[in-house]
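Enquirer: Sharing a model prediction with you, sequence too.
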Amino acid sequence: MTRVGGTTMLETNDLTMTYGERTLWRGLDLTSKPGQLTALTGPSGSGKSTLLNCMGLLEQPTSGEIWFDGQELTRMRPRAVRRFRRDHLGYLFQNYALVENATIAQNIDVALQARGVRGAAARTALSESLERVGLAGREGDRVSRLSGGEQQRVAVARLIVKEPSLVLADEPTGALDHGNTETVVSLLRGLADNGACVVIATHDDWVCEQCDDTVSLD
Ligand SMILES: Nc1ncnc2c1ncn2[C@@H]1O[C@H](COP(=O)(O)OP(=O)(O)OP(=O)(O)O)[C@@H](O)[C@H]1O
């Protein structure tokens, strides 16, 4: 484990992923520092989503280690995995992963309840997060009626209230116009400024340029 300014890096050591005869990546050593945006690049099929899934404990690599916050993620038992997801992990997807038939407030409330935030504190956190993402006062709007850019900003508001220390973003701007792309990257920068490690899988050169570090799976 490597500590930086009191928080911890995400590190992979000698990480390899194979499916049958096919090797996606071999001997991968990467670090993502807290406070920084790390871009994950590579052609389609190079294994960016698979690597994020391994960091997010949705898949196991074939061999090697992933360390975060003093813990070897690759060796965690199911209970610790659940706790890690609840307390540390924030995911952002290209397709937003919101409950479309629910309101903005209901979608964000899921993250607040998981943290035990209720009542007036929850209402304040909700309205502050919506203000941050440019959706102030829109609590009651149904997600299915929002544009793609607005939906992704709701997904970021859900991350803001969760305050994750590790943010994994899988093509978060892949379906957005440039204005919303700029907004989402600047909101991710805000999460990094709060001390999170932020890893962004992307095909977008402009997004890469905004990051502090690039890891290529080419
Ligand atoms: N469970 C699995 N079994 C076999 N092959 C798999 C499995 N999961 C993923 N793959 C393959 O691994 C490769 C990498 O997929 P992945 O989605 O990680 O790539 P990617 O770099 O994120 O691609 P894209 O940029 O198109 O999203 C793909 O060819 C995919 O078909």
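Expert: Perfect, thanks for sending it.
Enquirer: Show me this structure divided up by domain.
Expert: 1-88+164-218, 102-163 (automatic domain parsing).
Enquirer: Would you format the ones you listed as CSV with mean pLDDT, mean neighbour count and distance to Tyr96 included?
Expert: The way it works is simple: take the backbone N, C-alpha and C, and place the C-beta from them, glycine included. Formatted as CSV, those follow (pLDDT from 0 to 100; neighbours: other C-beta atoms under 10 Å; distance: least, C-beta to C-beta, whole Å):
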stretch, mean pLDDT, mean neighbour count, distance to Tyr96
domain 1-88+164-218, 91, 17, 9
domain 102-163, 95, 17, 4
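Enquirer: Let's have those domains in JSON lines, adding distance to Asn95.
Expert: Converted to JSON lines, those look like this (distance: least, C-beta to C-beta, whole Å):
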{"stretch": "domain 1-88+164-218", "distance to Asn95": "7"}
{"stretch": "domain 102-163", "distance to Asn95": "9"}
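Enquirer: now the ones you listed in TSV, with distance to the ligand?
Expert: As requested, these are exported to TSV (distance: least, C-beta to the nearest ligand atom, whole Å):
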stretch	distance to the ligand
domain 1-88+164-218	3
domain 102-163	17
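Enquirer: show me what contacts Gln60?
Expert: When contacts are counted by C-beta atoms under 8 Å, 6 or more residues apart in numbering, Gln60 is found next to Cys54, Thr74.
Enquirer: so is it in a helix, a strand, or just coil?
Expert: The assignment at Gln60 comes out as coil when based on DSSP: H, G, I helix; E, B strand; the rest coil.
Enquirer: Would you quantify the distance from it to Leu73?
Expert: Noted for Gln60: a distance of 10 Å to Leu73, by C-beta to C-beta, to the nearest Å.
Enquirer: For the host helix or strand of Val185, C-alpha coordinates in PDB please.
Expert: For Val185, the enclosing helix or strand under DSSP states H and E is helix 178-193. Extracted C-alpha coordinates of helix 178-193, given in PDB (Å, rounded to 0.1, in the frame of the first residue of the first chain):
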ATOM      1  CA  HIS A 178     -19.300  18.600 -25.500                       C
ATOM      2  CA  GLY A 179     -21.000  20.900 -23.100                       C
ATOM      3  CA  ASN A 180     -22.200  18.000 -20.900                       C
ATOM      4  CA  THR A 181     -18.800  16.300 -21.300                       C
ATOM      5  CA  GLU A 182     -17.100  19.400 -19.900                       C
ATOM      6  CA  THR A 183     -19.600  19.500 -17.000                       C
ATOM      7  CA  VAL A 184     -19.200  15.800 -16.100                       C
ATOM      8  CA  VAL A 185     -15.300  16.000 -16.300                       C
ATOM      9  CA  SER A 186     -15.300  19.100 -14.100                       C
ATOM     10  CA  LEU A 187     -17.600  17.300 -11.600                       C
ATOM     11  CA  LEU A 188     -15.300  14.300 -11.600                       C
ATOM     12  CA  ARG A 189     -12.400  16.800 -11.000                       C
ATOM     13  CA  GLY A 190     -14.400  18.000  -8.000                       C
ATOM     14  CA  LEU A 191     -14.600  14.500  -6.600                       C
ATOM     15  CA  ALA A 192     -10.800  14.100  -7.100                       C
ATOM     16  CA  ASP A 193     -10.300  17.400  -5.300                       C
END
